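Undergrad: Have a look; sequence and predicted model below, questions after that.
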Amino acid sequence: MGQLAQIWRHPVKSHGHEALSQVSLTAGQTLPWDRTWAVAHEASKADGSAWVPCANFSRGSKAPGLMAISARLDEETSTLTLTHPDLPRLTVRPDEEGARLIDWARPVMPADRAASARVIRVPGRGMTDSAFPSISIGNLATHRAIEQKLGQSLDVRRWRINLWLDGLDAWKEFDWIGQEIRVGNVSLRIREPITRCMATTANPDTGIRDADTLGALKTWGHTDMGIYAEVTTSGKIAIGDSLEAS
């Protein structure tokens, strides 16, 4: 019916994307090392003790320049290497050097927004936008339909999705809400659609807003793109794995 085409993780929420070829998923947990860290701003109530909504963090919807960060994570040492077209390369350990990460990103942060203040990490819980530990899933056919509507090419990194599926009809993924799908030997329950924000209007190569993604989505009567899922059966998945869905 379809197959897994791409895998992405975002070690620091809104501060970098990283492509993977395979990953092990655990029931009830986020994709490993996805949104493990998040940058709380000066008005945030986040203290690292529990999940809090995305409004507590510095993010691409308010600071589009963040969307152009790429990441590479060394899992053994919890060390990140971050790159951006307008910034020098940074290698940092967020648990110990959060201030360095914040200082590095400051030039692309708008002056009229709450300033980044601290890096937090909630043990055992990736800081997803959903209130439950989620895996985000996208349909490349839906992405192409949006490109066609806009009349321009879009990089899939705009959507900050974990798993991209191919070989489906556009918007088919919304039919799965409330059901389970299987990717390789992993089962996922589809919980809800992903409602989009201004972050998706920014180009992940430049960090500049250059596409009216929200306007395009509204022509379908909503601003949803992608779905949130919960892992129900643990296992390993890899690019090319088959999809089983109703």
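TA: Thanks, I have the structure now.
Undergrad: Val12 against Trp37, yeah?
TA: Yes - between Val12 and Trp37 there is a contact under C-beta atoms under 8 Å: 4.5 Å. C-betas here are computed from N, CA, C, even on glycine.
Undergrad: Looking at these two, which one has more neighbours?
TA: More crowded of Val12 and Trp37, by other C-beta atoms under 10 Å: Val12, with 28 against 24.
Undergrad: Now the more buried one: phi and psi?
TA: phi -110, psi 120 (degrees, to the nearest 10).
Undergrad: Please identify every residue contacting each of Val12 and Trp37.
TA: Counting by C-beta atoms under 8 Å, 6 or more residues apart in numbering, the residues touching both Val12 and Trp37 are 94, 119.
Undergrad: Give me the longest helix you can find in this structure.
TA: helix 140-150 (DSSP state H).
Undergrad: buried ones in it?
TA: 140-143, 145-146 (16 or more other C-beta atoms under 10 Å).
Undergrad: now stretch 219-228
TA: So, applying 16+ other C-beta under 10 Å, buried residues of stretch 219-228: 223-228.
Undergrad: Sort out for me which of those are in helices.
TA: Those of the buried residues of stretch 219-228 lying in helices (DSSP H): none at all.
Undergrad: Could you export these as TSV, including pLDDT?
TA: Formatted as TSV, the buried residues of stretch 219-228 follow (pLDDT from 0 to 100):
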residue	pLDDT
Thr223	98
Asp224	98
Met225	98
Gly226	98
Ile227	98
Tyr228	98
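Undergrad: Return the closest of those residues with respect to His17.
TA: Taking C-beta to C-beta as the measure, His17 sits nearest to Gly226 out of these, at 14.5 Å.
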